[in-house]
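Student: Just the structure for this:
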Amino acid sequence: MPPTKPRKPVEPKKCGHNWVWIVLYMVIVLAIILGGTKIALVQYNYDKAMDDGTYQAVFLTNGQVYFGQLESLGFGTMQLKDVYYLQVSEDEEAEAEAEAANQNFTLVKLGDELHGPTSDMVINKKQILFWENLRQDSPVLETIQGGGQ
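Tutor: Presented below is the predicted three-dimensional model:
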């Protein structure tokens, strides 16, 4: 039998760098928790400002204004239900340049357009400039509750 070489004793692995990974992991988890909490609080405050009992006017970045019942669908989208929008009356369109301040608007319910949409729409929050709750004595709300147009 050949002579055996003496074995070197096995040295335990050094754990010097493991604590760095543990701290890094804890920082990442904490950042996720704090970020999620902030998003939840912002969403809560956003939803809290909406009056569930009435309609809102939603002003979009493209200049359009829609009226309906606004609710949040999640992080990046809002849903507007029972949607109405303003349309310049056809008689007034010809005179629009001459009498821009005196334009006559008609309130139109979403759904009768050529492409046949439903009366709800989903809006990317990035496209909303701002929105406002409508007062109960709002002419727009009175028209909507009276059957539209």
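Student: now Val23: how far from Ala31?
Tutor: With distances taken as Cβ to Cβ, to the nearest Å, Val23 is found 13 Å from Ala31. For glycine as for every other residue, the C-beta is placed from the backbone atoms N, C-alpha and C.
Student: swap that for Lys5, sorry
Tutor: On the measure of Cβ to Cβ, Lys5 and Ala31 end up 52 Å apart.
Student: Compare these two (neighbour count), which wins?
Tutor: Ala31 (10 against 6; other Cβ atoms under 10 Å).
Student: Next secondary structure after the host helix or strand of the more buried one?
Tutor: In this structure, Ala31 sits in helix 18-49 according to DSSP states H and E. The helix or strand immediately downstream of helix 18-49 is strand 56-60, counting by DSSP H and E.
Student: For that following strand, name the packing helices and strands.
Tutor: For strand 56-60, the packing partners by 3 or more Cβ pairs under 8 Å, 6 or more residues apart in numbering; DSSP states H and E come out as strand 65-72, strand 77-88, strand 128-133.
Student: what's the closest of the ones you listed to Gln145?
Tutor: Nearest to Gln145, of all the helices and strands packed on strand 56-60, is strand 77-88, at 10.7 Å by Cβ to Cβ.
Student: Let me see the residues that make contact with that closest one.
Tutor: 55-56, 58, 64-73, 96, 103-110, 119-125, 128, 140, 144, 148 (Cβ atoms under 8 Å, 6 or more residues apart in numbering).
Student: try 6 Å
Tutor: 58, 66-73, 103, 105-110, 119-123, 125, 144 (Cβ atoms under 6 Å, 6 or more residues apart in numbering).
Student: what about burial for these, which qualify?
Tutor: 58, 66-70, 107, 109-110, 121, 123, 144 (16 or more other Cβ atoms under 10 Å).
Student: okay, these in a markdown table with distance to Met78 and pLDDT next?
Tutor: Formatted as a markdown table, those follow (distance: Cβ to Cβ, whole Å; pLDDT from 0 to 100):
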| residue | distance to Met78 | pLDDT |
| --- | --- | --- |
| Val58 | 8 | 94 |
| Tyr66 | 11 | 94 |
| Phe67 | 14 | 95 |
| Gly68 | 10 | 93 |
| Gln69 | 11 | 93 |
| Leu70 | 6 | 92 |
| Leu107 | 21 | 86 |
| Lys109 | 19 | 89 |
| Leu110 | 15 | 87 |
| Met121 | 9 | 92 |
| Ile123 | 5 | 93 |
| Ile144 | 19 | 87 |
